[in-house]
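> Just the structure for this:
(one chain, ligands or ions: 1)
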Amino acid sequence: MPVLTIDQLFELVRRHGAEDGLDHVIVAAALAESGGNTDAIGDGGHSVGLWQMHDQGLGTGMTVAERKDPDRACGVMLPAFKRAWDNAADIANPEVRATRTYLDAERPEGFESLLSTAAIHFRDRWRIAIPAGGGAGPAAPPLPGSAVERIWDEIVFEGCFPDNFARGRQGIKPEAVVLHIAEGTLAGVDGFFNRAHNLPGEEPSSAHFCVGKKGELHQYVNTADMAFANGRVEPGATAKLIAENAGINPNLWTISIEHEGRSGDEVSNAQWDTSTRLTAWLFRHRLFNSGATGVAVDRNHILRHGDISPKTRAGCPGWDELVIQDHVQTVARLLAE
Ligand SMILES: [Zn+2]
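Numbers count the residues shown, from 1 in each chain. The predicted model follows:
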């Protein structure tokens, strides 16, 4: 498998005339698209070569062999990258300019967010794509944006065993966040949600996220799908939305966040920081715009599992009223920054 090194990739694109800075973008793009493998085939056979040239995109009219040829591929890709690079000339932050260039050159039809998965994948490669002798390389300044916006970079997607969640939300719009305690470690949660729950007494279960004690953030279920975290409404439930949504499984209108540890554990600063920033991000990007009415950062929309299931989950997450109110206020403050 002909995999080019970072130095070989720089040599290739500079030989074709890539200017300083643009060379770095095109090399990082090759790493993101193919790992530097000139023979890489993806997208069901449609995408070929270092830059995964699509047979209906920039690779239109080219044979597979031509798209595998680094010089042929570079000859077509460089002008596309050059156009996008020039269009992004007014962006001062080098990492943002590089990412915008990549997104525009590789995906001219879909103007993707700087915080999309493709963008994050590219930015990781851009940070490591430094030629030998290149010294420390370009600085990698943080993306502009608040502590809340950066949360998306921090998510590690773990996935979930298919029986432990359901696709979609049956048309119900999410409007609240429910906080949980994992009664275990982050690694334990990763494993638990990713195996069949078929032991005696088990039932399918999952959450959208889990926050580790060191502030790690793992995701299991897409927020557009239903996690099985807090579906049982029990007598004594105090959540106001329970009455408003009478008869509707709370999993359909909530996004659930687990926290590593045991009920009664003190929440570490790092865990608190990630939990509140994630909650703020979810309100801004998933709840305020979900189409549900009356969504607000308040105690009615940030719930403890115990507010829904006070009989069997009274200790979940085990935060008293002062702590949960502090969480609400911190989220509100983050969103005002
Ligand atoms: Zn819970």
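
> Could you list the low-pLDDT ranges of the chain?
1, 108-112, 115-116, 133-145 (pLDDT under 70).

> biggest helix in it, by residue count?
Using DSSP state H, we find that the single longest helix of the chain is helix 70-87.

> Measure how far that helix is from the centre of its chain, please.
28 Å (C-alpha atoms, centre = their mean, to the nearest Å).

> which parts of stretch 314-333 are buried?
316, 317, 318, 319, 324, 327, 328, 330, 331, 332 (16 or more other C-beta atoms under 10 Å). Bear in mind the C-beta positions are built from the backbone N, C-alpha and C, glycine included.

> cool, stretch 48-59 as well?
Result for stretch 48-59 [16+ other C-beta under 10 Å]: buried residues 48, 49, 50, 51, 52, 53, 54, 55, 57, 58, 59.

> Kindly report the residues of this protein close to the ion.
With C-beta under 5 Å from the ion as the criterion, the chain meets the ion at residues 180, 305, 316.

> Residue 62: neighbour count?
By the criterion of other C-beta atoms under 10 Å, residue 62 has 18 neighbours.

> Tabulate the buried residues of stretch 314-333 (JSON lines), appending secondary structure.
Shown next, in JSON lines, are the buried residues of stretch 314-333 (DSSP: H, G, I helix; E, B strand; the rest coil):
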{"residue": "316", "secondary structure": "coil"}
{"residue": "317", "secondary structure": "coil"}
{"residue": "318", "secondary structure": "coil"}
{"residue": "319", "secondary structure": "coil"}
{"residue": "324", "secondary structure": "helix"}
{"residue": "327", "secondary structure": "helix"}
{"residue": "328", "secondary structure": "helix"}
{"residue": "330", "secondary structure": "helix"}
{"residue": "331", "secondary structure": "helix"}
{"residue": "332", "secondary structure": "helix"}
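
> what residues go with each domain of the chain?
6-128, 151-336 (automatic domain parsing).

> can you list contacts of stretch 12-21?
4, 22-23, 26-27, 70-71, 74-75, 78, 81-82, 85, 94, 98 (C-beta atoms under 8 Å, 6 or more residues apart in numbering).

> I'd like to know which elements the helix or strand containing residue 25 is packed against.
Residue 25 is part of helix 22-34 when elements are defined by DSSP states H and E. The contact analysis (3 or more C-beta pairs under 8 Å, 6 or more residues apart in numbering; DSSP states H and E) places helix 22-34 against helix 6-15, helix 70-87, helix 94-106, helix 117-128.

> what's the angle from it to helix 117-128?
130 degrees (axes from the mean of the first three to the mean of the last three C-alpha atoms, to 10 degrees).

> coming back round to it: so of the helices and strands packed on helix 22-34, which one's packed in deepest?
Compared across the helices and strands packed on helix 22-34, helix 94-106 shows the largest average neighbour count, a mean of 23 (mean count of other C-beta atoms under 10 Å).

> Run me through the strand neighbours of whichever strand in the chain runs longest, direction for each.
Determined from DSSP state E, the single longest strand within the chain is strand 254-259. Strand pairing for strand 254-259, determined by DSSP bridges: strand 176-179 (parallel), strand 209-211 (parallel).

> Contacts for the last one, please.
Put plainly, it is strand 209-211. With C-beta under 8 Å, 6+ apart, strand 209-211 has contacts from 155, 182, 186, 189-190, 217-220, 255-260, 271, 274-275, 278.

> Of those, just the buried ones, PyMOL syntax please.
To isolate the buried members of the contacts of strand 209-211 in PyMOL, using 16+ other C-beta under 10 Å:
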select buried, resi 155+182+186+189+190+217+218+219+220+255+256+257+258+259+260+271+274+275+278
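
> mind listing the strands for this protein?
Counting by DSSP E, the strands of the chain are 41-42, 47-48, 53-54, 155-157, 165-166, 176-179, 209-211, 217-219, 226-227, 254-259, 302-304.

> Compare the ones you listed and report which one is nearest to residue 149.
Nearest to residue 149 among the strands of the chain is strand 155-157; the distance by C-beta to C-beta comes to 12.5 Å.

> Summarise which helices and strands that closest one is packed against.
strand 217-219.

> Which strands and helices lie in contact with the strand it packs on?
Using 3+ C-beta pairs under 8 Å, 6+ apart: strand 217-219 touches strand 155-157, helix 186-193, strand 209-211.

> who does that strand pair up with?
strand 155-157 (parallel), strand 209-211 (antiparallel).

> Output those in CSV, with distance to residue 265 appended to each entry.
CSV is the format used below for those (distance: least, C-beta to C-beta, whole Å):
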stretch, distance to residue 265
strand 155-157, 22
strand 209-211, 12
